[in-house]
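Asks: Predicted model and sequence below, questions to follow.
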Amino acid sequence: MTILRSLAKIVSIFLFITLSSSIGNQLNAQDGKSLFSQNCASCHAVNKKLTGPALAGVEDRWPDKKNLYAWIKNNQAFLKTGDAYANKLYTEYNKTAMNLFPNLSDKDIDAILAYIKSVPAAGAAPAAGAATAAAPADESDSTLVFGLLTLILAVVALILLQVNSNLKKLSDDKSGIPATEPVPFYRNKAYIAFVAIILFIAGGYMTTVGAMNLGRSKNYQPEQPIYYSHKVHAGVNQINCQYCHTGTYQGKQATLPSVNVCMNCHMAINEYKGEPLVRENGDVVDGTSEIKKLYKYAGFTEGQPWDASKAKPIEWVRIHNLPDHVYFNHAQHVNAGQVACQQCHGEIQKMGEVKQFADLSMGWCVNCHRQTKVQFKDNGFYSIYEKFHADLKSGKIDSTKGITVEKIGGTECQKCHY
Amino acid sequence: MEQNKNWQSFGELNKSEAYNKEVNNEFKEELPFVEDHSGFLQSKAPRRDFLKYLGFSTAAAAVAASCEMPIKKAIPFANKPEDIVPGIADYYATTYVQDGDVVSVIAKVRDGRPIKLEGNSLSPITGGGTSARVQASVLDLYDTARLRFPTIAGKEATFEAVDKAVAAELNGAAVIVTSTITSPSTKAVIAQFLAKHPGSKHVTYDAVSFSGMLLANEASYGKRVIPSYHFEKAKAIVSLSADFLGTWLSPVEFARQYATGKKINEKNPAMSKHIHFETVASLTGSNADEKYLCRPSEIGAIAVALLSAVKGGEIAGVDAKLKAGIEAAAKALTANKGAALVVAGSNDKDVQVIVNAINDAIGANGTTINFGATVNYRQGIDSDFAALVDDMNAGKVNAILFHGANPVYTWPQADKVKSGLAKVKTTISFNGKLDETAAVCKYVLPDHHFLESWGDAEPVTGHISFIQPTIAPLFKTRAFQDSLLLWSGDATEYTNYVKNFWSAKLGGENGWNKTLQEGVINPATPVVSGASINSSAVAAALIAVNASKPSTKIELALYQKVGIGAGQGASNPWLQELPDPVTRATWDNYIIVSPAMAKTLLNIDLNNGGQADAYEVQPPKKVVKLTVEGKSIELPVLIIPGTHPQTVGIAVGYGRAESLGKAVIGTGKNAFPLACLKNGTVNFSCSDVTLTPTGETYPVALTQTHFRYDTTQGNRTEVMKELTLAEFTKNPKVILEEREEEAKPFGGLEKFEAEATIYPVYERPGIKWGMNVDLNACNGCGACVVACNAENNVAIVGKPEVLRGHEMHWLRIDKYFSGDMENPNVVFQPLMCQHCDNAPCENVCPVAATNHSSEGLNQMTYNRCIGTRYCANNCPFKVRRFNWADYTGADSFPDNQRGEVNDVVLNMNDDLTRMVLNPDVTVRSRGVIEKCSFCVQRLQAAKLDAKKESRPMVDSDIKVACQQSCPTNAISFGNANDKHSAITMVREENELRSFHVLEQLHVLPNVTYLAKVRNQSEAEGEKAEAKKA
């Protein structure tokens, strides 16, 4: 069964890879997404007016792409050219100056535009997640089919065995061999042994699986002191993950935001007017009263100036727990490895209360380390692997496979255990 | 070079029966299995019991595991400070100060807790070096025995209440008694206090003072100062029993300077010559090129003779052996005029005056001795304090304030101090712990630990090192200076006082901030200058010294240990468990005697294998009662080669009050009362000592014979290579040729790796970690051992466990002797996991818990280890350590430490003490093996830093803990695949001296050593050989 399952996974991953590479700009959109969230998301959403206009269909509004590049890179300079549309926009949005982005290359901007294009109008899921989401469904279907098949075959085998023994008895009668006392099948030693072995293997398998799951808490979704919805913040409002989880890029811990970070926005945002918030069990949550809970922690009374020193920390329930003997560093993965948050945390932008997405088992870690490529060419650190660079060039190493984390020692014990 | 000329123990020297038995035995101790031949079912633990236990443990594990997962909280800051990122360490420059000792350090602060001190390389004095005591001082911050609030007559009080009571009482003259204060601002505060209370005075009291030297310099040069020394400029160094690498004045500074002269350039091998006159084996004596044994009372005569010799005169008044030594010393000194130095450890003014005259004669004054920059490490004058004690007893003292000083413990006539204090109305102590003096004071206002304090220090004139807090005070403590300021009517807080004091001099706020960040101010270019000597003082001193005849009876020399000092380290478990470099003993003090005296006093003939075994194999040592001038002390005896036959030694600093913490309980006895006052200064040696065996024994936790290895494949002494400078200059390739010879059957050293094994050769793309240890630079001080403790959460096991050979140090410093048993040469060799590329431990692990990384690390995975100890057994270097008990409290079962570990170890598991743990390193639980990891947490961090900046890793990214702490830069570390890294350079530049330990085993270590070269002429080397034969 496990073999089949991993086969199914491999097939689905393969499908995913071929699908995504066939669409070409899909990958581009992936880069664009992170660029978008790093640079644009604090003022723009794709389908919603924020500080700046909604960006859906922006390319249609700017017929000359060169102008668009110039505008994005240095809007102040572009305004001075006297472009009518630009000046109209500027006045429409209360003459709020847009940030300058001299660092963005045309390619970067293309990637951002590609991403904007890839976002469907209703704010529905981006295509990337679809393939992975489809995979588990396939899996359970085939399990059922194979189970049924096994059952049917087992029954057929049993009947055939009975027929065989009856036939043997008939032939024995014919050739005059004295018949032994017939043994009912439930007292037949062969059957008993067979059943015992099956039970032993099945029981052993279940015990092992059960034991391996001890201490793991996939799908753990505790109730938090405040109903904080990632869907509202990261999904609908497109707030960059690192706006709150500031340690992600530098440190071991991603870190939870302190109360003053929450209050940066919630000083002004004091009621929830979005779509109704519903817990998984169907309870409806009043967003505004949850914001009031935050005010209680912050020691903030509406209408009065806030004294940050009165704030008390919020005691969140920790969801992702690693054992003490595991060293995990966010910066290593997110900064050096350029891994997206969703890779380990699931589609966090769609979660109400956060649920543990991965089982955080060693097998899960190691699998990813075996498959994921490191930023071999982009990160200067890897320049010391001269041999691998040469092998890549000469084709000795398959460049589609690339240099995986495993290849540079990422599955060795003391990479995580020390 | 002849094999096996080195030895570690007397048994090994004699190839005794017990030695052979022990080294061939698989396990050091008997296995806890009872042999039982009564049949399977009748035996004590039959099959049914086994099944019961099996069933119970399975059920217990199942129940324990199926309990609900505990709910953990993640609590962020309420308001996050901008520059703090949880999980990322911050580094603050500060200064280790203790009783006049000053070392500039960088404190690593992780999530608000200082967890490790590293040397500040911006300080030209220490150059980033530290000592064992500096490394251990971070643990003192989390000492459970620290005073947590001020007290009046032993009862808790508030600072306000104390201030009120003191203000009422403090209305006349007061005396402030402190250990040496190096802080200019504190001196200003004290001056302010003295001005406010007319008639008051400040007495500086050092437990082990430099009064003799201060007074001698006053007599010789008219200045009561100590000059700075430049061992690095000296080509000839003569030490008259001054332990300048261990405990004398500023050992971190001197160790660094000394090593400069000892490191060898292979192309042009030359090194300084160090001749040492030794009374009791010391760290410095062990490192000397030539060592001559003398009595403490002979030091004066030696100084006189040496003075005469360097002036070309006759050598008189000493025996033939010493005469040879003095001749050699004089020859070396005069040959290197202007690059020579003589130092003396004596606290006798006259001896120091003569030493000044010698230094003047050999041109040291103004070259290797610099009066242009005087040092402030020790300022106390013993006679000042003696006068104060008399005043107290005469009832002339109204109020007395103690800071740092602890005379009730350290003054030779402690009873007089106590009786005097009883007559003082107001007694105040600012000591951070309830030490012997604080215990008899009425008011106790604990001061902060230095890691909680603001402050400054001026170790050498012009060099300022700043102290800034790295954590908010843990307890209700207050800076000593704050109290003084308050009581002198100044409302300024000391924090602001220091800031104002320096801001003006440093160009305002910005200058102050920048200086704080760097931690030190260094003078532009230090000018070396001498001082003119007053020759009439020399004549008087000569008369005085010649008048005192050396004794002919047994003498006693009191000395300080590297870790314990004058008792400051006694309550620190890391320092107590650090094997003393000289004796390799832990947790005790004892009487050191020579092998010759052992024969006469204890009837132990160490040349007789059986008797050597009786002494060596069992930990209990014979106890001897030592009596001097009516005072006596009973201590066990250790036989240490390199001690004068008629001299015995005892370390001070032990036998402290139990209120100082669990670590002092049952460890040693106080030897300070044996010292005596001579001509107004404290003399730490006594003549006419009687020794009488008591017939009792006392176990001493000695580590010298632990982790032995001697099989047909190789033995322990082979891991070390030593030769004389003469041998090395004659044939620089001697070591290389020896290695070539060994590798010959496999086609030479080049092909050795591939041809001498059935295993394939693995490629190591990217990084290959490597370490190099220069045995010439290493002096065995032990800073690295404690640094490793701190960095890697290495457990303290306590004396009973050390007795069983269970100590956990990942890095140990082996001590080897060679030559004459009475006066041998000594080599120190730091030995840690060698990270063998063909590691014998890896092949034998049944669960692959130890295996090799592509970067050349021998990895140890604790969570996989099942504790078979096959690896430890198969390790030829015996560097793997097993957690025999739950030393760290890491197991889930709370009660399983009871009866297994002692109170000291339990105290290390206190919530407060555990704050010192490094969160990046797993705390190991019972039943697993651990060992040096090359500080893998630092390696990983260094790689990540480079990746974050998208650049290749460079040397400055990574310093392992032992390397960082080393005052002599004996350890190099880095990526051996990088052609420009320091490790590659040092291996290339020292090709002739480098060797791998036990190379013939083809374990392919990633650690290289550079052979120890001793600056002896060939003849002397041969002489030593001949004597042994």
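Replies: On my side now, so go ahead. Numbering: from 1, shown residues only, chains lettered A, B, ... in the order given.
Asks: any weak-confidence spans in chain A?
Replies: Judged by pLDDT under 70, chain A has its weakly predicted residues at A:1-30, A:42-43, A:50-51, A:94, A:96, A:121-141, A:179.
Asks: can you point me to the longest helix in it?
Replies: Taking residue count as the measure and DSSP state H as the definition, the longest helix of chain A comes out as helix A:128-174.
Asks: Tell me the helix or strand right after that helix.
Replies: helix A:189-213 (DSSP states H and E).
Asks: hmm, back to that, now the longest helix of chain A against helix A:189-213, angle please.
Replies: For helix A:128-174 against helix A:189-213, the angle between stretch directions is 160 degrees (axes from the mean of the first three to the mean of the last three Cα atoms, to 10 degrees).
Asks: can you give me the offset of helix A:128-174 from its chain's centre?
Replies: Between the centre of helix A:128-174 and the centre of its host chain there is 36 Å, according to Cα atoms, centre = their mean, to the nearest Å.
Asks: Got the domain ranges for the chain?
Replies: Picking chain A for this. Chain A breaks down into these domains under automatic domain parsing: A:23-118, A:230-360, A:361-418.
Asks: I was after chain B.
Replies: B:6-16+B:707-1018, B:151-209+B:380-518, B:211-376+B:531-536, B:551-702.
Asks: To chain A, which of these lies closest?
Replies: domain B:6-16+B:707-1018 (3.8 Å; Cβ to the nearest Cβ). Every C-beta, even on glycine, is put in place using the N, C-alpha and C of the backbone.
Asks: for the longest helix of chain A, packing partners?
Replies: With contacts defined as 3 or more Cβ pairs under 8 Å, 6 or more residues apart in numbering or on different chains; DSSP states H and E, the secondary structure elements packing on helix A:128-174 are helix A:2-23.
Asks: related to what we said a few turns ago, which stretch among the domains of chain A approaches residue B:738 most closely?
Replies: domain A:361-418 (33.7 Å; Cβ to Cβ).
Asks: chain center to that closest one, what's the gap?
Replies: Put simply, domain A:361-418 sits 21 Å off its chain's centre (Cα atoms, centre = their mean).
Asks: Check stretch B:247-255 too.
Replies: With Cα atoms, centre = their mean as the basis, the distance from the averaged C-alpha position of stretch B:247-255 to the chain average is 11 Å.
Asks: Next: stretch A:314-328.
Replies: Distance, stretch centre to chain centre, for stretch A:314-328: 18 Å (Cα atoms, centre = their mean).
Asks: So which bits of the stretch 651-800 of chain B are right by chain A?
Replies: With the criterion set to Cβ under 8 Å from any Cβ of the partner chain, the stretch 651-800 of chain B comes near chain A through B:763, B:765, B:766, B:767.
Asks: Would you mark the buried spots in the longest helix along chain B?
Replies: Ranked by number of residues, the top helix in chain B under DSSP H is helix B:47-66. Burial within helix B:47-66, assessed by neighbour count using 16 or more other Cβ atoms under 10 Å in any protein chain shown, is assigned to no residue.
Asks: and the gap between residue B:813 and residue B:790?
Replies: From residue B:813 across to residue B:790, the span is 16 Å (Cβ to Cβ, to the nearest Å).
Asks: now do residue B:630
Replies: Residue B:630 sits 44 Å away from residue B:790 when distances are taken as Cβ to Cβ.
Asks: More neighbours: those two, which one.
Replies: It is residue B:790, of residue B:630 and residue B:790, that has more neighbours when counted by other Cβ atoms under 10 Å in any protein chain shown, with 24 against 5.
Asks: Quick check on the more buried one: phi, psi?
Replies: phi -70, psi -40 (degrees, to the nearest 10).
Asks: Tell me the confidence at residue B:873?
Replies: Residue B:873 carries a pLDDT value of 88.
Asks: Around it, count how many other residues there are.
Replies: Applying other Cβ under 10 Å, I find that residue B:873 has 14 neighbouring residues.
Asks: Could I get the contacting residues of residue B:341?
Replies: Residue B:341 makes contacts with B:229, B:230, B:231, B:234, B:236, B:237, B:238, B:359, B:362, B:364, B:368, B:369, as judged by Cβ atoms under 8 Å, 6 or more residues apart in numbering or on different chains.
Asks: Mind doing that once more with 7 Å?
Replies: Residues counted as contacts of residue B:341 (Cβ atoms under 7 Å, 6 or more residues apart in numbering or on different chains) are B:229, B:231, B:234, B:237, B:359, B:364, B:368, B:369.
Asks: Among the residues you listed, list the two that are farthest apart in space.
Replies: Among the contacts of residue B:341, the pair separated by the greatest distance (Cβ to Cβ) is B:231 and B:359, at 13.0 Å.
Asks: Neighbour count: these two, which is higher?
Replies: When residue B:231 and residue B:359 are compared for neighbours, residue B:359 comes out ahead with 29 against 24, by other Cβ under 10 Å.
Asks: Is the more buried one within a helix or a strand, and which one?
Replies: helix B:349-361.
Asks: As a markdown table, the contacts of residue B:341 with distance to residue A:181, secondary structure and pLDDT would be great.
Replies: What follows is the contacts of residue B:341, written out as a markdown table (distance: Cβ to Cβ, whole Å; DSSP: H, G, I helix; E, B strand; the rest coil; pLDDT from 0 to 100):
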| residue | distance to residue A:181 | secondary structure | pLDDT |
| --- | --- | --- | --- |
| B:229 | 107 | strand | 93 |
| B:231 | 103 | helix | 93 |
| B:234 | 107 | coil | 93 |
| B:237 | 105 | strand | 94 |
| B:359 | 115 | helix | 92 |
| B:364 | 114 | coil | 89 |
| B:368 | 110 | coil | 91 |
| B:369 | 113 | strand | 91 |
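Asks: need those in JSON lines with distance to chain A, can you?
Replies: JSON lines is the format used below for these (distance: Cβ to the nearest Cβ, whole Å):
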{"residue": "B:229", "distance to chain A": "42"}
{"residue": "B:231", "distance to chain A": "39"}
{"residue": "B:234", "distance to chain A": "42"}
{"residue": "B:237", "distance to chain A": "42"}
{"residue": "B:359", "distance to chain A": "51"}
{"residue": "B:364", "distance to chain A": "49"}
{"residue": "B:368", "distance to chain A": "45"}
{"residue": "B:369", "distance to chain A": "48"}
